[in-house]
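In: I'd like to go over a predicted model; first the sequence, then the structure.
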Amino acid sequence: MKVLLVEDYPPLQRSVAKAIRETGWAVDVASDGEEGLWFAENHSHDAIVLDLMLPKLLGLDLLRLIREKKVRTPVLVLTAKDGVEDRVKGLDLGADDYLIKPFFVGELLSRLRALVRRTYPEPASLIRVGKLEIDTNARRLRLDGEEVPVTAREYALVEYLARRTGQVVTRGEIWTHVYESYGEAASNVVDVYVGYLRRKLHRPEMPPLIHTRRGLGYVMQEEP
């Protein structure tokens, strides 16, 4: 999954971006409202973390503009203002959730996971593909009841594929949602990580779960 973080205070920006990356999610970082607007319009994200007091373009103005441009990405607003009127105004402009500063980073990550769960059709915290079970709350994998150790990046990739079960996902889509926007999508990084996952999920007695669609991309599904 990928998050857009729009925050101008460097210490907070660094700590939040670091926490997001440590969960295995990719994060694009913008330091002012205009840069945030550019990212929101030109890249796909699963959630946006938006500070209100931004240089060049205030957070509420940015929120209004992206909603006018039909960007439906869920938005979590960060604000030092705890007045009801401010929260109502943000929600009316299209915010999905609010978090008052100061906050615990763990709560921010939990709220982001909740926003993403609302976006995808899978309502439960468990996703099952064949004998693979993905616990999206604990961020753990079990295959036929046995826990499968994965890195944060591997987990992000398998969850993204599982949420698109039965759908062909291109390398470009995987790159956009799991890696940073400024990376080189033409590299073989996606293929390398898919290879890691295949080896970890391979069981001789079970059908494979990740399949290559030559010239198209990858699809996760249980096939005979």
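Out: The structure has been received and is ready for your questions. Residues are numbered from 1 along each chain as shown.
In: buried stuff in the longest helix seen in the chain?
Out: Determined from DSSP state H, the single longest helix within the chain is helix 105-119. Neighbour counts using 16 or more other Cβ atoms under 10 Å place 108-109, 111-113, 115-117 of helix 105-119 among the buried residues. The C-beta positions use only the backbone N, C-alpha and C, and glycine is treated the same way.
In: where in this structure is pLDDT low?
Out: 81-84, 86, 120-124, 179-187, 224 (pLDDT under 70).
In: can you list the domains in it?
Out: 2-119, 126-220 (automatic domain parsing).
In: count of residues packed around residue 137?
Out: 11 (other Cβ atoms under 10 Å).
In: wait, it sits on residue 117?
Out: No. Using Cβ atoms under 8 Å, residue 137 is not in contact with residue 117; the gap is 9.4 Å.
In: pull the CA atoms of the longest helix of the chain into CSV?
Out: What follows is helix 105-119 as a C-alpha-only set of coordinates in CSV (Å, rounded to 0.1, in the frame of the first residue of the first chain):
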residue,chain,number,x,y,z
VAL,A,105,2.3,7.2,15.8
GLY,A,106,0.7,3.8,16.6
GLU,A,107,-2.7,5.4,16.6
LEU,A,108,-2.1,7.1,13.3
LEU,A,109,-1.0,3.7,11.7
SER,A,110,-4.1,2.0,13.2
ARG,A,111,-6.4,4.7,11.7
LEU,A,112,-4.7,4.4,8.3
ARG,A,113,-5.3,0.6,8.3
ALA,A,114,-8.9,1.3,9.1
LEU,A,115,-9.3,3.7,6.3
VAL,A,116,-7.7,1.3,3.8
ARG,A,117,-10.0,-1.6,5.0
ARG,A,118,-13.0,0.6,4.2
THR,A,119,-11.7,1.3,0.7
